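*Asks:* just the structure for this:
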Amino acid sequence: MSGREIQDQKAKARDMLVQQATNAGVSVSPLRGATIYSTKSKRDSTLESTAAEFSEAEDTSLPPAIRVDAANLMRVLRQLEVIAKRQAARIGIKAKGKTQFLDVAGIVAVQAQGNYISLRHRTTPYLVRESLSSMAEKLKPYGFVRIARSVVVNISAVEEIQPLPTGEYRLRVTGGKEYLVTRTYKHNLRGLAQLWVGSERLCG
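*Replies:* Predicted coordinates for the structure are as follows:
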């Protein structure tokens with residue numbers, strides 16, 4: 001096979017990969033991840049020569065870029081799907097002889113009260129006959145963490161935390177109510193934020 005035919009095959013393969021990525025909804029920048037070395041003079045820097053130099057770049061430069069972009073896209077889509085489920089999910093609770101439907105995102109905290117749990121939805125508490133462990137397991141996929149033996153909170157509702165000399169934390173949620181984070185569960189505070197600025201991540 002001649003050098004010209006090899007170049008033609010490379011160009012066809014490149015075009016096919018770009019077309020597949022485009023059909024899959026992936027935005028691909030052909031220059032991303034590719035290092036271009038010019039063998040021509042600086043004066044000869046037209047678009048045509050740049051395209052030709054790209055064709056002569058290493059064979060593996062484009063496919064990994066596409067794979068990386070596709071992987072990143074899929075990860076972002078999965079994260080968005082989880083967020084959408086968290087925001088759209090509703091919980092049905094039986095209270096006062098009827099079933100009420102509440103959006104999960106509006107639940108601020110759940111606290112054990114004997115054989116019942118007090119489910120605080122925004123500013124309104126609902127008393128439900130269920131164990132805290134069972135409810136904590138159901139709410140875990142929606143961003144709820146246990147901060148004490150008897151309390152589960154929605155991490156998106158946490159507005160402030162304060163360390164205490166005892167090694168515990170005081171946590172304030174939307175609406176102003178405060179809860180104590182015991183040392184046993186303080187490691188759960190690590191997930192309160194994805195980015196930490198001006199301070200170290202909590203609890204290591």
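*Asks:* okay, strands next: where are they in this protein?
*Replies:* With DSSP state E as the criterion, the chain has strands at 90-95, 98-103, 107-113, 116-121, 124-128, 144-148, 151-154, 158-163, 169-173, 178-181.
*Asks:* what strands flank the fourth one, and is each parallel or antiparallel?
*Replies:* Based on DSSP bridges, the strands next to strand 116-121 in the sheet, each with its direction, are strand 107-113 (antiparallel), strand 124-128 (antiparallel).
*Asks:* quick revisit: deepest-packed of the strands of the chain, please.
*Replies:* Of the strands of the chain, the one with the most neighbours on average (mean count of other CB atoms under 10 Å) is strand 151-154, at a mean of 24. C-beta here means a position set from N, CA and C on the backbone, and glycine is covered the same way.
*Asks:* now tell me what touches it from outside.
*Replies:* Contacts to strand 151-154, defined as CB atoms under 8 Å, 6 or more residues apart in numbering, come from residues 105, 107-112, 132, 135-136, 139, 142-147, 171, 173, 179-180.
*Asks:* now with 7 Å?
*Replies:* With CB atoms under 7 Å, 6 or more residues apart in numbering as the test, strand 151-154 has contacts from 107-111, 132, 135-136, 139, 143-147, 171, 173, 179.
*Asks:* same question for stretch 127-138.
*Replies:* 93, 95, 110, 112, 115-119, 144, 146, 150, 152.
*Asks:* which two in these are spaced the farthest apart?
*Replies:* A95 and R146 (22.9 Å; CB to CB).
*Asks:* report the mean per-residue pLDDT for stretch 71-82.
*Replies:* For stretch 71-82, mean pLDDT is 77.
*Asks:* G191 and F144 touch, don't they?
*Replies:* No - counting by CB atoms under 7 Å, G191 stays clear of F144, with 10.3 Å between them.
*Asks:* now the helices: where do they sit in this structure?
*Replies:* Along the chain, the segments classed as helices by DSSP state H run 3-23, 47-55, 62-88, 132-139.
*Asks:* what mean pLDDT does the second one get?
*Replies:* Per-residue pLDDT over helix 47-55 has a mean of 47.
*Asks:* over to the shortest one?
*Replies:* Within the predicted structure, the mean pLDDT of helix 132-139 is 93.
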